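**Q** pasting a predicted model and its sequence here:
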Amino acid sequence: MSERRDHRERHGLRSRLDLLYREIAKFGAVGAAGVLVNIGAFNLLRHNTGLQTVRASILATVIAIVFNYVGFRYFTYRDRDKAGRTKELSLFLLFSAVGLVIENGVLYLATYGFHWDSQLQSNIFKFVGIGVATLFRFWSYRTWVFRALPAREAVEQAEAILAQAKPRQRAIARRGSR
């Protein structure tokens, strides 16, 4: 009996880890595309407008936030609860704004605190800021914005239990037919 429970727990843990890995991969794909949008828009704005470094970065981050919402909603978290889109978008914008402050705070510190404002330095610290903010965004989006449907988790658990019960039912049926 204990072996079955251990097997179910290991199988359940493995299933949850597989889902988490897939989620991280999808989040990473959208995030990588968002980084390209962010860095590309930052460099275009910085070099083709009169905007200062951090202002160009903030505008580029806003552009990337819009891009990322579409990617997360329709790719990474398309199977998550779609009810309450107004609340979802509000939370997304709130946590994205916190990420924007983190991301551009790093660039601000490098630019105005250390006077590292060359094109290369700005891009390096923009990228570092994006990395730090991404950790916060992943946690906040999956925890508060794109919440899993409770019913889906229940269905997955029930399917796992049924899958484990089928071999036992077949064994019982074989014994009964003898």
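**A** Everything's here; your move. Numbering: from 1, shown residues only.
**Q** show me where pLDDT drops low in the chain?
**A** Scanning the chain for pLDDT under 70 picks out the ranges 1-5, 7-8, 148-162, 165-178.
**Q** for this structure, what's the longest helix?
**A** Counting by DSSP state H, the longest helix found in the chain is helix 2-48.
**Q** give the other helices and strands that that one contacts.
**A** Helix 2-48 is packed against helix 53-71, helix 119-140, helix 150-177, with contacts defined by 3 or more C-beta pairs under 8 Å, 6 or more residues apart in numbering; DSSP states H and E. The way it works is simple: take the backbone N, C-alpha and C, and place the C-beta from them, glycine included.
**Q** and the angle for the first one with helix 119-140?
**A** Interaxial angle, helix 53-71 versus helix 119-140 (axes from the mean of the first three to the mean of the last three C-alpha atoms, to 10 degrees): 40 degrees.
**Q** can you give me the buried ones in helix 53-71?
**A** Going by neighbour count (16 or more other C-beta atoms under 10 Å), the buried part of helix 53-71 is 53-54, 56-61, 63-65, 67-69, 71.
**Q** what is the nearest of these to Leu20?
**A** Gly71 (18.5 Å; C-beta to C-beta).
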